Structures are given as structure tokens and as C-alpha cells.
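Chemist: got a predicted structure here, sequence first:
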Amino acid sequence: MSNAFPFAAIVGQEDMKLAMIMTAIDPKIGGVLVFGDRGTGKSTAVRGLADLLPPIKSVEGCPVNSGSLDEIPSWFKASSTKLIEIPMPVVDLPLGIGSDRVTGALDIEKALVEGIKSFQPGLLAKANRGYLYIDEVNLLEDHIVDLLLDVSQSGENVIEREGLSIRHASDFILIGSGNPEEGELRPQLLDRFGLSVEVVTPNSIQERIEVIKRRDLYDQDPQSFQQNWKKENQKICKKILDARKIIDKIETPENILELCAEICIELGSDGLRGELTLLRAARALAAYRNSKKILKTHIKNVASMCLSHRLRRDPLDETGTSSRVERALNTVCG
């Protein structure tokens, strides 16, 4: 267990927590973008998520967390064939980081002099089969954004230097957080996030008091606080595992597919990624709530986080994108 503030102990911010849980149930949903005020628990939630996630099986010592011997990259000579359980990777990508630390670095001199491909894996190797977290994602340098776009689309990291080529799997869930006042996100990167959540500072006195109480208790004795919340964390972890087992059996009625399409047409969202994300998120929510089929309520619960970041700006509409999604839901669902 790390020293992170327990995920289950975070007060409020239910949409943010639910979005992260749903990606753990079905990674195909895509990443999560969390935008909002400073000090609202964005980074805390991501770091708490690491202790909550079920472990994965990986070949012992493999730098890209390969799940079987067949998946081990050719440049890595495994000293063990044993599969061991490791914590699901949650890797931080700091601002201002160099390309080599992200992609990994080839030792050109060793390759030319000794004829040996020597590769130092980067963050994209460590994040394979896990999460890559970028705080202040809207301030990320353009060349790093381009790298992430390429890798997130292909699921593979390719490094080419001086005629040498190294590649390895890099399939991760992207989580980004930031403050919208500090700049907007490039549309190409924005589209890579399956879900988008806005978080705000709580305006209820009781909620704020509870936040202060819990944080103060944690700061005084992190180990005891974590122990007190261990059962709640384990409950969420069990629900995630149970949901994974039944997600493929969730029924998708025809009227639900029609509803997804109608909502996206009403909003005028580009492409079909919105419908697919809406369907996958609703299915993950149905599995998490132990429902046998996707219901209209599941669609309503996830629509804003699936679609609000996919809308074109309307200069004649001063309301936020979440309000536009709500209006579309009212129009379509009544």
C-alpha cells in the first residue's frame, strides 16, 4: 500500500470518482479528463486510485508489464518465465519532461560499437496495461502531445534513431487534470479522452467541514487513516472485479441504441465516437450497479461526462456544455 489518501475517503466529487471506476471496469471507454478549480481533489483521486485497482499478472522483471511470454519485446531478454502479480501501474508524466524520458532512450554508441541494441525504457513502457496521469495536461508541450497521440492511437511505442528501431506495446488509460483558466486542450488530445468531468469547490458548509476533518486526520496519522478506510476501498475494488465478470453479459436493448443516437444527433456531435463511448460507459455503470441490462437511467447518468467535451462551441449559447447535454436529454427523454 502506498501513502496515498484513500480513494473511498474523498468527500463528494461523485462524477469524478465514478468516471475513474468505469474506466477500470472497461478500459475501452478511454481516458478521463478532469477539469476544475485548484484543490478539489483531482490529483488525490488519481493517486488514491492506484491502491484501489486490482493487480495484474506480468512476466517477472518485464519492463513493459507483459502479460505472457509471447508479449515480451524482442529487445528484452527475460531471466524468468514466471508470472507474478504486480500493482496496476499508475504512472505520473511530469510537465517539462524530455521526449527520451517519455518514449525511452536508445544507446546509439553501444549499438554502433558493440552491435548490441541497448534500450532504457521510458514512462510509456512503465504505463503499459495501466494508467498514465498528466497533471496540468493543458500545459503539456506540443511535441509530447504529438507523441502521446501517436502511441494512444496505435497502442505501440516506436523509437527510431540512426537507422535503429525499437518497439514495444504501450496500451494505457490516459487521465488528465487541469485548470481551464490556464489554457485549453488541443482538440486532437481532447478527443482521446473518453470521459470528461468538471469538478468544483464544494459550497456546502457540512461538506467542507468533512473535507477538512478527513484531511486533518490523514495528515496526523496516514497509516491509521488508511487502515480505517481499507474496508471501504476493498468494497469498491470487489465491485469493480464483479462488474468485469458480468459486463459482457449485460443486455443492450434496441431502444437504448436508438437513445444514444438520438442524443448525439440532438447535440450535433461530430463522428460516432460519442455514441460508442456513451454505450460503453452506460454498460460499465450497469455492471457496477449489478443490473442485467442497460437502462435509460444509466444513459442519463453518464451522458454529460461522455459528450460535454465533444461539442462544438456555440457563440450564441453562453451556457456550459454540460447544460447543453442536459437540455438534449430533456428533449429526447422528456
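Modeler: Looks like it came in fine. All figures in this text were calculated on a predicted structure; none of them were measured in a lab.

Chemist: state the helix or strand in which residue 63 lies.
Modeler: For residue 63, there is no host helix or strand (DSSP states H and E).

Chemist: show me the contacts for the nearest residue to residue 125 once chain neighbours are set aside.
Modeler: Setting aside the residues directly before and after it, residue 125 is nearest to residue 64 in space (CB to CB, 6 or more residues apart in numbering), at 4.7 Å. Any C-beta I mention is one placed from the backbone N, CA and C, and that applies to glycine too. Taking CB atoms under 8 Å, 6 or more residues apart in numbering, we find residue 64 in contact with 71, 72, 73, 76, 121, 125, 128, 168, 169, 170.

Chemist: what is the burial count for the last one?
Modeler: Counted with other CB atoms under 10 Å, the burial measure for residue 170 works out to 27 neighbours.

Chemist: quick one: it and residue 203, what's the gap?
Modeler: The gap separating residue 170 from residue 203 is 41 Å, by CB to CB, to the nearest Å.

Chemist: same check on the first one?
Modeler: Here the distance between residue 71 and residue 203 works out to 49 Å (CB to CB).

Chemist: look at the two and report which has more neighbours.
Modeler: Taking neighbours as other CB under 10 Å, residue 71 and residue 203 compare with residue 71 leading, 16 against 7.

Chemist: got any ranges where the stretch 51-200 of the chain has weak pLDDT?
Modeler: Across the stretch 51-200 of the chain, the ranges flagged by pLDDT under 70 are 107-117, 162-163.

Chemist: so where do the strands sit in it?
Modeler: Using DSSP state E, counting those that start in this stretch, the strands found in the stretch 51-200 of the chain span residues 56-59, 83-86, 90-92, 104-106, 119-121, 131-135, 156-161, 164-169, 173-178, 195-199.

Chemist: for residue 7, find the nearest of these.
Modeler: Smallest distance to residue 7 across the strands of the stretch 51-200 of the chain (CB to CB): 11.3 Å, for strand 90-92.

Chemist: now the closest one: how far from the chain's centre is it?
Modeler: If you compare the mean C-alpha spot of strand 90-92 with that of the full chain, they lie 11 Å apart, counting by CA atoms, centre = their mean, to the nearest Å.

Chemist: check stretch 191-205 too.
Modeler: With CA atoms, centre = their mean, you get 14 Å for stretch 191-205.

Chemist: now do the buried residues in it.
Modeler: By neighbour count with 16 or more other CB atoms under 10 Å, stretch 191-205 contains the buried residues 191, 192, 193, 194, 195, 196, 197, 198, 199, 202.

Chemist: nearest to residue 98, of the strands of the stretch 51-200 of the chain?
Modeler: Judged by CB to CB, the one of the strands of the stretch 51-200 of the chain that comes nearest to residue 98 is strand 104-106, at 9.2 Å.

Chemist: from the contact counts, what lies against that closest one?
Modeler: Counting contacts by 3 or more CB pairs under 8 Å, 6 or more residues apart in numbering; DSSP states H and E, strand 104-106 is packed against strand 119-121, strand 156-161, strand 164-169.

Chemist: next one: residue 98 from residue 144, what distance?
Modeler: Shown here: residue 98 relative to residue 144, a distance of 9 Å by CB to CB.

Chemist: those two: which has the busier surroundings?
Modeler: Remark: of residue 98 and residue 144, residue 144 carries more neighbours, 19 against 12, as counted by other CB under 10 Å.

Chemist: ignoring the adjacent residues along the chain, who's closest to that one?
Modeler: residue 102 (6.2 Å).

Chemist: same check on residue 44?
Modeler: Nearest non-adjacent residue to residue 44, counting by CB to CB, 6+ apart: residue 5, 5.1 Å away.

Chemist: show me the contacts for the one you found.
Modeler: Residue 5 makes contact with 44, 47, 48, 215, 218, 225, according to CB under 8 Å, 6+ apart.
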